[in-house]
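Colleague: sequence? don't have it. structure:
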């Protein structure tokens, strides 16, 4: 900075107006004197002359020009050699360190003596203990940075990974599958596309009467009926298992269902009930034998009535069984309208006239469906899909459809019942998705014991409270969603009886009925709640038990479990709870060990640095230290990788080892064992002497090779006149381009390999790749020594071809023959070309 400042000042003073600075010459002289002692005489002379004459500006410039030229060169050199402060955060090159290290090696080689200061420099003991590095510095044995993450940091694996990732590495946590409470229902696993079956199975299980019925089947019958046996086992696990969800694969495999193909839930229910009805017919227990018919079967008849004689057809008296009523949804808004549509009277006239046996003619008539009897569980299948003839596909109807919480079916029967048949909504089966052959099935089911609604979504079971679509939906009145609760006054509604006549709803039930709406519901299940007899007394069939009765109900349900399965499910629960406890203990033990290991690592690394140069220390292998600081279970100390053949610490391993304090080393050795112990006194002097010899040898080789590169350039350019030996020209070109190394490499082998023929003689230069040049004898000896040192075991060695070597006669003859053959071939081709040209001309003349 000083030189640069002075130069700028001189330039300004010399080229600014004279009148603005009367003492400029004195200042120039003073600055020149300050700049460098060598210019002091010239500057004093200028000052004296300047004081005697005021017109000496040009003389001052002339007198200072020579001084300024020398000064400018010094300024440029000083500026170029200054450290660059614009990149002060970047790591500076260790040029000075390398030079000083080289001088130490040369001194050791020259004197054969090693001082303590030499060891401090070569083993980098002098380097300060650093902190805050992003990565661990290999060229500093006192750097212990980045061996562990920051206090709040983590790594992807090992000792310092996140606690959540470590817990996950322990394997699946069985406690996550633990059922929340005994009153919480369990879910069913989805095996791929079995959600349709899961929703139906949950509806059947949650029906207390059906559950108790199949629990009462004899064990011998279950052994003969595999489907029924697996269903009972599945229901027992759903009832008393400690797990939050049950594996349904044994039951699905027994039914031979395809896990990857989604079936229609309604068809599955129909086929399953039909199959169970046949299986249960083998039971001798009345309650179990007819449980399907008693709960789900009703009767209907299709009545055709003549409009002239008023008589019904013979087929009208026949009753048909049904397990669900299929109701239209398209164009209808509620369950009441769908029932009216289902029981509506159809007029038969024109081409659809009915042939009456009594009238013996085709006459107008009416046709309708009559409900003869209703089951205890009334299933309504909502026909959400319509067939599109143009595309031959089915489309889902997504219009909102409302249904009541309670349904009075007394006036829907063909023959009026003396009982008030009140059905309570017990399940809503929902299909999510717009496509017919895909989507997802879930079920909202009411618990008969508690009155709570639950959402069954395969493995996930969620409490919905007292409403089938959740408490939030029941409290929302501002906007209707896909599943909402609405309230309607049924006293204003009209319903149709079995004869198609309109009746007031208030005659059959309460004037205020809670109604729900859904655009995805495809099946509704109603359970007979109460039946009022002629005397006006209510007979309760099902409903919500009071709080005091729930324990008794639960105990009664457990008593209904099959006796032969109680011990089996008890053992399964005990095994599962034991697995949960073992996992919990394993997790606590491993987390405790992790915390202990982390404290150990931080404690040792805090004591690891060695501050004073004369303080005792121990060498340790860097890779082992890194693994010890990062592994949960470290191995024994292993320093064998940093030992030389003399059992000491060679300086060549300095980038792979660290200096540890005595306290840190004692802790590691006492806890993990291993070794060997390498202290500050174990620096290998033999390796230092050998290393010094190698460094000097490398410098000598590098200097010699650098000097020969210019000679190689002259040889390639044809400026060498004292060539004595042949070598390959392409090989020499590659040799000249290569970077100068400290020792020969494999690329230095075979300088004459390309010009050696198979007979061991000089290859003719006409051969491909056999171009050669002559090099001086000293150059050849250098290349020959390098080639032999690189491949000493090569049986061919490095053939030598002096300037008087003759080319191989055999190869020359072969090349001559090939050349003659090629000449003949070229002549033949030329002759053919001439003949073709002649033929072409003759043809042109003929055609003209």
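Modeller: Right, received. Where do you want to start? Predicted model only: the values in this text are computed from it and were never measured.

Colleague: separation between residue 622 and residue 156?
Modeller: Plainly put, residue 622 is 21 Å away from residue 156 if you go by C-beta to C-beta, to the nearest Å. C-beta here means a position set from N, CA and C on the backbone, and glycine is covered the same way.

Colleague: Between those two, which is the more surrounded one?
Modeller: Shown here are residue 622 and residue 156; by other C-beta atoms under 10 Å, residue 622 has more neighbours (21 against 8).

Colleague: check contacts around the closest residue in space to that one that isn't next to it in sequence.
Modeller: Nearest residue to residue 622 in three dimensions, chain neighbours excluded: residue 656, at 5.1 Å (C-beta to C-beta, 6 or more residues apart in numbering). Counting by C-beta atoms under 8 Å, 6 or more residues apart in numbering, residue 656 touches 138, 621, 622, 623, 641, 642.

Colleague: Which of those residues are buried? Put it as a ChimeraX command.
Modeller: Selection of buried members from those for ChimeraX, criterion 16 or more other C-beta atoms under 10 Å:
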select :621,622,642
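
Colleague: Take the contacts of residue 656 and keep only those in helices.
Modeller: With DSSP state H as the criterion, helices contain 622, 623 from among these.

Colleague: so can I have CSV of the contacts of residue 656 showing pLDDT and distance to residue 843?
Modeller: Output for the contacts of residue 656, formatted as CSV (pLDDT from 0 to 100; distance: C-beta to C-beta, whole Å):
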residue, pLDDT, distance to residue 843
138, 90, 83
621, 95, 89
622, 94, 87
623, 95, 84
641, 94, 86
642, 93, 89
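
Colleague: closest to residue 308 among the contacts of residue 656?
Modeller: Nearest to residue 308 out of those is residue 623 (C-beta to C-beta; 106.0 Å).

Colleague: So the closest one sits against residue 641, correct?
Modeller: Yes: Residue 623 lies in contact with residue 641 (C-beta atoms under 8 Å); the separation is 7.1 Å.

Colleague: Would you quantify the distance from the residue sitting nearest the centre point of the chain to residue 169?
Modeller: With distances taken as C-alpha atoms, centre = their mean, the residue of the chain nearest its centroid is residue 156 (12.3 Å). To residue 169, residue 156 is 11 Å away according to C-beta to C-beta.

Colleague: Can you show me the strands along the stretch 701-848 of the chain?
Modeller: Using DSSP state E, counting those that start in this stretch, the strands of the stretch 701-848 of the chain run over residues 725-728, 772-775.

Colleague: now the stretch 101-250 of the chain
Modeller: Secondary structure of the stretch 101-250 of the chain (DSSP E, counting those that start in this stretch): strands at 187-188, 245-246.

Colleague: out of these, deepest packed?
Modeller: Of all the strands of the stretch 101-250 of the chain, strand 187-188 has the most neighbours on average by mean count of other C-beta atoms under 10 Å, namely a mean of 26.

Colleague: Make CSV from the strands of the stretch 101-250 of the chain and add mean pLDDT to it.
Modeller: Below are these laid out as CSV (pLDDT from 0 to 100):
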stretch, mean pLDDT
strand 187-188, 93
strand 245-246, 92
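
Colleague: Need those strands in CSV (columns: distance to residue 195).
Modeller: Output for the strands of the stretch 101-250 of the chain, formatted as CSV (distance: least, C-beta to C-beta, whole Å):
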stretch, distance to residue 195
strand 187-188, 9
strand 245-246, 13
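
Colleague: nearest to residue 529, of those?
Modeller: strand 187-188 (27.1 Å).

Colleague: What is that closest one packed up against?
Modeller: helix 195-205, strand 245-246, strand 453-457 (3 or more C-beta pairs under 8 Å, 6 or more residues apart in numbering; DSSP states H and E).

Colleague: Could you tell me the angle between the last one and helix 195-205?
Modeller: Relative orientation of strand 453-457 with respect to helix 195-205: 150 degrees, computed using axes from the mean of the first three to the mean of the last three C-alpha atoms, to 10 degrees.

Colleague: what does the average pLDDT come to for strand 453-457?
Modeller: Across strand 453-457, the average pLDDT comes to 95.

Colleague: what does whichever helix or strand comes after that strand rub up against?
Modeller: Per DSSP states H and E, the first helix or strand lying C-terminal to strand 453-457 is strand 460-465. Contacts to strand 460-465, defined as C-beta under 8 Å, 6+ apart, come from residues 184-187, 244-245, 444, 452-455, 470-471, 474.

Colleague: And the buried ones among those residues, selectable in ChimeraX?
Modeller: Per 16+ other C-beta under 10 Å, the buried members of those correspond to this ChimeraX selection:
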select :185,186,187,244,245,444,452,453,454,455,470,474
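
Colleague: Include distance to residue 730 when you put the contacts of residue 656 into JSON lines, please.
Modeller: Formatted as JSON lines, the contacts of residue 656 follow (distance: C-beta to C-beta, whole Å):
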{"residue": "138", "distance to residue 730": "39"}
{"residue": "621", "distance to residue 730": "46"}
{"residue": "622", "distance to residue 730": "44"}
{"residue": "623", "distance to residue 730": "43"}
{"residue": "641", "distance to residue 730": "42"}
{"residue": "642", "distance to residue 730": "44"}
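
Colleague: what about the lengthiest helix in the chain, average pLDDT?
Modeller: Taking DSSP H as the criterion, the chain has its longest helix at helix 563-607. For helix 563-607, mean pLDDT rounds to 91.

Colleague: same deal with stretch 757-767?
Modeller: Rounded mean pLDDT across stretch 757-767 is 87.

Colleague: where's it relative to the chain centroid, distance-wise?
Modeller: Counting by C-alpha atoms, centre = their mean, to the nearest Å, stretch 757-767 is centred 61 Å from the centre of its parent chain.

Colleague: do the same with stretch 667-675
Modeller: The chain centre lies 38 Å from the centre of stretch 667-675; the measure is C-alpha atoms, centre = their mean.

Colleague: which residues sit against that stretch?
Modeller: Contacts of stretch 667-675 with the rest of the structure, by C-beta under 8 Å, 6+ apart, involve 600, 603-604, 607, 620, 628, 634-639, 660, 677.

Colleague: likewise stretch 302-315?
Modeller: So stretch 302-315 is contacted by 316, 320, 348, 354, 356-359, 363-370 (C-beta under 8 Å, 6+ apart).

Colleague: Please identify which pair of those residues lies farthest apart.
Modeller: 320 and 359 (25.8 Å).

Colleague: Looking at these two, which one has more neighbours?
Modeller: residue 359 (15 against 11).

Colleague: pLDDT value on that one, please?
Modeller: pLDDT for residue 359: 87.

Colleague: How about residue 367?
Modeller: Per-residue pLDDT puts residue 367 at 90.

Colleague: Quote the end-to-end distance of stretch 771-780.
Modeller: 17 Å (C-alpha to C-alpha, to the nearest Å).

Colleague: show me where pLDDT drops low in this protein?
Modeller: 1-99, 417, 436, 472-512, 530-559, 795-796, 848 (pLDDT under 70).
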